[in-house]
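K.L.:
I would like the atomic coordinates for the input below:
(chains A and B, ligands or ions: 2)
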Amino acid sequence: MTSISRRGFLVGATVVGGGLLMGYAATRPSRHQQANEQFGSPESPFLTTWLRIDQDNTVTIYVPHSEMGQGVLTSVPMMAADELDADWDLVNVEQAPVDDQFANGVLVKGFATSMGVTIPSFLNRMADYATLKAAQIMNMQITGGSSSVRFTGEIGMRTAGAAARQMLVESAAAQWGVPAAELETANSFVMHSGSGRRISYGELATTASQLEPPRAPVLKRPDQFTLMGRSIPRTDIPAKVDGTAQFGIDAQPENMLYAAVLNAPVFGATLAAVNNKAAIMQRRGIQAVVELEDAVAVVADNYWRASQAVQALDVSFAGTEYDQSTSDSIFAGYEVALDNEERHDDVVEGDADTALSDASNVITASYRVPYLAHAAMEPMNCTVHVTDNGIDVWTGTQDNLGIRGQVAGVAEVDENQVRVHACYLGGGFGRRLPTSTNTIEQATRIAMQFDVPVQTLWSREEDTRQDYYRPAVTSRFRASFDSNGNLNAWENIYIGKNEPAEAAHISYGVPNKNIRYVESPTHVPFGAWRSVAHSQHTFFLESFTDELAWQQQMDPLAFRLSLLADKPRHRRVLQEAADRAGWGQPLPEGRAQGIALQECFGSVVAQVAEISLRDDGSVKVEKVVCALDCGRVVHPDNAASQVESGIIYGLTAALYGQISIEDGKVKESNFHDYEMVRLSETPDIESILLESPGAPVGGLGEPATPPIAAAVSNAVFALTGQRIRELPLKRYQFLPTPQEDGARSA
Amino acid sequence: MIELTVNGETRRLDIESDMPLLWALRNELGLTGTKFGCGIAACGACTVQVNGNAMRSCVTPVSAVQGQSITTIEGLSAEGLTDVQQAWIEHQIPQCGYCQSGMIMAVSAHLDNNDSSSADETARAISNICRCGTYPRIKRAIASLQEQRRSGGVQQFDPAATPAQENNV
Ligand code: FES
Ligand code: FES
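P.N.:
Ligands and ions are numbered 1, 2, ... in the order given. Coordinates of the predicted model:
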């Protein structure tokens, strides 16, 4: 085994890196001891914060993340179990209790270091809570940013497993009076081959827990892994095929009532009056009409009765200054902002202004994308029971500790009075981050009026119209080539900077870059949407790059490769995806391919989409080949499943995704007008997972989403000659004959 | 009074005749395996089987299914898992899992009733939404199930043998 030096441990953590290691040494023992007091007992002590070994030789691994379908309850504990040399059959996986002891400091530090010590915006709003000072930002159990395996797994879980293993070995060595170096571990046993002795982890657990954990535990080399790299069946799947998995919506505490809600349709509006309260109260099963600042809830003994009553409400909301706002007015505002507002530097290198003004041919284009809702399959809901001795909460959330703070804040109680019962999430995608969850506080306010539990459940219409949206964005480009045909200037001015900070940066080598942004806030709430700002910028960047290739009459693949001299991982994914897709080979009549590339969340990904046109002129995506380099693959099958999932999520947005604003409100309401890709439109997907030994483990939950819109749009251009500068593709009807290049007016 | 026969058990409920079956199942009978996704028959999360046929329970008033044999995910198999559920595990299909009760009910009914439909026909017939995009795996699972059933590798699923059907006679 290779010793992981302190320096090695700190790779990727150079800025607050010292803090990471010192933090481990300084804070871990106290958290360890406190955890022992609260959740352990002398018979089943905690060896580290995330691990428990019982005397019956079972190992329990607590995962401080939420299972929203990404397999985190398998991939992350596998990493601890592997380092521990635990018998996987004896491993129990549990969601970490919603308690400060399990707050995931490693995750926040991981983000902080990988992003140059900025806290990502989805964490920022947490800092606003009165109960949550900046220092307490560490106290979260966030699931987002494709972070689970990368940070919790690679840093926390592996270290925890390795440290525990080392402590078990030391206590066996002491017990037997032999040097620790003579001992081996496998399948939850410590063995001494010299004497043939063996002892289970369970028998050693109590004495081992007395030892001070090592400061720099020795981690395995990849060739020593026994679990990592294997497709172990997911622990959460059996309960998801027989209907027993408990989602937030499935909470059924005794005597529960149901609340259906009508929120103010215009964001920021307040409730003026409920005009037919008495009539509503006459309806069967209705318990109360609860008036909130910006919503009305009807509480009943059955959800259907509550929702029917909500539909019968006669309500008026106060007018706002946004009542005339439309998607068109918002985009028009963006144009004004792009022309006039102060431009902030994102990346400025060389002198793009001069290069552009000297150029004989400047290529310009303006792109835009609409707002998008998350449309997680399980509509937003939260069940709250306010009692004399605390508050119980049942919900599926991407941050159990975060929502604990929200509930405590609304109810004005201490956080320790709030018990969050973690449930499965019927989809997250960013929607179930506390910063994008407007149901938790509302459900608390409603439940505070009752002494029985109340489940607040939003209709699909409310879910669609009261989201925190992927923003609508406009992005303008200019580029030029020098007299030798080399790309020499890249200018991009876009609306609104978001995380990740590098989303609008390009991997391509261009000597003069001028990437700037202007802010043009709207009244439509912003939320992190799977892959966050990459979801729009990759479409912009990779479409415009494609325009440049065609402009130069170069093959889009060859053009990209020519600009990636110093990026071997990027060249490799492009080449791999292209080879497997048969790029450049003759295609069946009526088909064309498009390619796109992106680096995000620590992974590098390229996709080739092959399309045809249906008789009605709509785009049919036949096949997608995706090559993704995530450094090292922890769980290959789950990785493939995340790639498929990410592509389909992005494809739905590319083909159909559009939230429009009319009279200040969201027009779309349900799946009939906010359409989804279904089984019959699912392309063949081939995912190629590549490793780059030595590279940090990259994310998987998000990287496959961004490139697909550009890959498909670029294929549309190849097939029809129409350049797609605005999504979604359902806006267009295509003619299969190639035409002159030119964007169809929006 | 409404009389519903769910998973072979007959229950009398004092509910409105126009209450959608979904809410009778979830809120009155506590059967939460059947999910709410849209309420307008657009997603399939609420799919149950009525006399072996897939039905979207969010738009099915209880009055329309009185005296019929209703099967939910909880009652899909008398014991153990059906071949469809097993295939769902084998192909590691569910991600968040929320849509999968409805998917499994829809696919099971389709395979039971259409043993010779092509892959394309099946894909068109199963219009359930999965927001996690598990479709590629569902396609593979359906293909392997069709193959299995054709070759008789696994005993043909016999609707007459389900508990719901037994109680329907
Ligand atoms: S909830 Fe019934 S089809 Fe969507
Ligand atoms: S598995 Fe999540 S919606 Fe289908």
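K.L.:
Tell me where the stretch 601-746 of chain A has helices.
P.N.:
All helices of the stretch 601-746 of chain A, identified by DSSP state H, counting those that start in this stretch, fall at A:636-655, A:707-720.
K.L.:
contacting residues for the closest residue to chain B within chain A?
P.N.:
Nearest to chain B in chain A, going by C-beta to the nearest C-beta, is residue A:243, at a distance of 2.4 Å. Any C-beta I mention is one placed from the backbone N, CA and C, and that applies to glycine too. Taking C-beta atoms under 8 Å, 6 or more residues apart in numbering or on different chains, we find residue A:243 in contact with B:32-34, B:72-74, B:101.
K.L.:
Just the endpoints, please. Distance across stretch A:598-618?
P.N.:
Using C-alpha to C-alpha, to the nearest Å, one end of stretch A:598-618 lies 26 Å from the other.
K.L.:
Is chain B within reach of that stretch?
P.N.:
No. If you take C-beta under 8 Å from any C-beta of the partner chain as the test, stretch A:598-618 misses chain B, and the best it gets is 13.4 Å.
K.L.:
Quick check: buried residues in that stretch?
P.N.:
Neighbour counts using 16 or more other C-beta atoms under 10 Å in any protein chain shown place A:598-613 of stretch A:598-618 among the buried residues.
K.L.:
How about residue A:538, nearest residue that isn't a chain neighbour?
P.N.:
residue A:706 (3.5 Å; C-beta to C-beta, 6 or more residues apart in numbering or on different chains).
K.L.:
pretty sure the one you found contacts residue A:599?
P.N.:
No. Judged on C-beta atoms under 8 Å, residue A:706 makes no contact with residue A:599 at a distance of 9.8 Å.
K.L.:
Buried residues, the helix or strand containing residue A:366. List them.
P.N.:
Following DSSP states H and E, one finds residue A:366 within strand A:362-369. Going by neighbour count (16+ other C-beta under 10 Å), the buried part of strand A:362-369 is A:363, A:365-369.
K.L.:
Any idea how many residues pack against the closest residue to ligand 1 within the stretch 151-300 of chain A?
P.N.:
Across the stretch 151-300 of chain A, no residue is closer to ligand 1 than residue A:249, which sits at 11.5 Å (C-beta to the nearest ligand atom). If you count neighbours by other C-beta atoms under 10 Å in any protein chain shown, residue A:249 ends up with 26.
K.L.:
A helix includes it, no?
P.N.:
Yes. The assignment for residue A:249 is a helix, going by DSSP: H, G, I helix; E, B strand; the rest coil.
K.L.:
The residue nearest the centre of chain B and ligand 1, how far apart?
P.N.:
Of all residues in chain B, the one closest to the mean position by C-alpha atoms, centre = their mean is residue B:105, 1.9 Å from it. Between residue B:105 and ligand 1 the computed distance is 11 Å (C-beta to the nearest ligand atom, to the nearest Å).
K.L.:
That residue belongs to a helix, doesn't it?
P.N.:
Yes. Residue B:105 sits within a helix when classified using three-state DSSP.
K.L.:
pretty sure it contacts residue B:46?
P.N.:
No. The criterion here is C-beta under 8 Å, and residue B:105 misses it with residue B:46 at 9.1 Å.
K.L.:
what inclination does the longest helix seen in chain B have with respect to helix A:636-655?
P.N.:
For chain B, the helix that runs over the most residues, judged by DSSP state H, is helix B:135-151. Angle, helix B:135-151 to helix A:636-655, by axes from the mean of the first three to the mean of the last three C-alpha atoms, to 10 degrees: 120 degrees.
K.L.:
touching chain A at all, helix B:135-151?
P.N.:
Yes. Helix B:135-151 is in contact with chain A by C-beta under 8 Å from any C-beta, via B:135-139.
K.L.:
Find the residues that touch each one of residue A:706 and residue A:599.
P.N.:
Listed as contacting both residue A:706 and residue A:599 by C-beta under 8 Å, 6+ apart are residue A:605.
K.L.:
mind listing what residue A:666 touches?
P.N.:
A:265, A:371, A:373, A:464-467, A:659-660.
K.L.:
thinking again about what came up before, for the longest helix of chain B, which positions count as buried?
P.N.:
B:135-139, B:141-142, B:145-146, B:148-149.
K.L.:
Walk me through the domains of chain B.
P.N.:
Following automatic domain parsing, chain B resolves into domains at B:2-75, B:83-160.
K.L.:
Throw those domains into a markdown table and include distance to residue A:206 and mean pLDDT, thanks.
P.N.:
Output for the domains of chain B, formatted as a markdown table (distance: least, C-beta to C-beta, whole Å; pLDDT from 0 to 100):
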| stretch | distance to residue A:206 | mean pLDDT |
| --- | --- | --- |
| domain B:2-75 | 41 | 98 |
| domain B:83-160 | 37 | 90 |
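K.L.:
can you tell me which of these comes nearest to residue A:188?
P.N.:
domain B:83-160 (25.3 Å; C-beta to C-beta).
K.L.:
when you scan that closest one, is anything in it near ligand 2?
P.N.:
Yes. For domain B:83-160, a contact with ligand 2 is found by C-beta under 6 Å from any ligand atom, at B:94-100, B:130-132, B:134.
K.L.:
among the residues you listed, which are in strands?
P.N.:
Using DSSP state E, no member of these sits in strands.
K.L.:
Ligand 1 next: which of the residues you listed are close?
P.N.:
Restricting these to those near ligand 1 - C-beta under 6 Å from any ligand atom - leaves none.
K.L.:
okay if I get those as CSV plus neighbour count?
P.N.:
Shown next, in CSV, are the residues of domain B:83-160 next to ligand 2 (neighbours: other C-beta atoms under 10 Å in any protein chain shown):
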residue, neighbour count
B:94, 28
B:95, 30
B:96, 29
B:97, 31
B:98, 31
B:99, 29
B:100, 31
B:130, 33
B:131, 28
B:132, 30
B:134, 28
